[in-house]
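Peer 1: the sequence isn't on hand, but the structure is:
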């Protein structure tokens, strides 16, 4: 199972997230693809005045044999396709941010890419959408489920499910 975190806090974030999810479906075995609701979350470690984020998480099995670095290259391609540009400002507002959170049961590092994501289990904006899909999933290296991690998390983050009008 692959878990990817999706975030946006610039532009038409909901539209961007919906389109990125459609693109990510192209990497997945169709029957395995799950996507969370969209959540509104406060910015974490971002420059002062940064707007709230919209976040989602997708889970799937790859339909091909990409390695973690190859999948990360695909994610970076999607980020560029949807308008993300390079900046020297850490955690600056962005049109799209794709984080490779989990890659099967791997725990490893490749040229700066660390699996599982080194801070994913400490971020409510990752854990709440993930809990919606797989609450009992054990986060690698913690021996704790997503739900347990949330219950033990000490954070001032705010997060709520986006209510979409249909």
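Peer 2: Good, I have the coordinates. What you are looking at is a predicted structure, and each value in this text was computed from that prediction instead of being measured.

Peer 1: from now on I want contacts and neighbour counts done on CA atoms only, so please keep to that.
Peer 2: Will do.

Peer 1: give me the pLDDT for residue 166.
Peer 2: The predicted local distance difference test score for residue 166 is 53.

Peer 1: list of residues touching whichever strand or helix holds residue 54?
Peer 2: When elements are assigned from DSSP states H and E, residue 54 belongs to strand 53-60. Contacts made with strand 53-60 from outside it, assessed by C-alpha atoms under 8 Å, 6 or more residues apart in numbering, are listed as 1-9, 13-14, 17, 21, 28-29, 32-43, 125-126, 129-130.

Peer 1: show me which of these are buried.
Peer 2: 2-9, 13-14, 17, 21, 28, 33-43, 125-126, 129-130 (16 or more other C-alpha atoms under 10 Å).

Peer 1: inside helices: which ones of these?
Peer 2: Assigned to helices by DSSP state H, the following of these qualify: 13-14, 17, 21, 125-126, 129-130.

Peer 1: closest to residue 87 among the residues you listed?
Peer 2: For these, the closest approach to residue 87 (C-alpha to C-alpha) belongs to residue 13, at 18.9 Å.

Peer 1: is it true that the closest one touches residue 94?
Peer 2: No. Because the distance of 9.4 Å does not satisfy C-alpha atoms under 8 Å, residue 13 is recorded as not touching residue 94.
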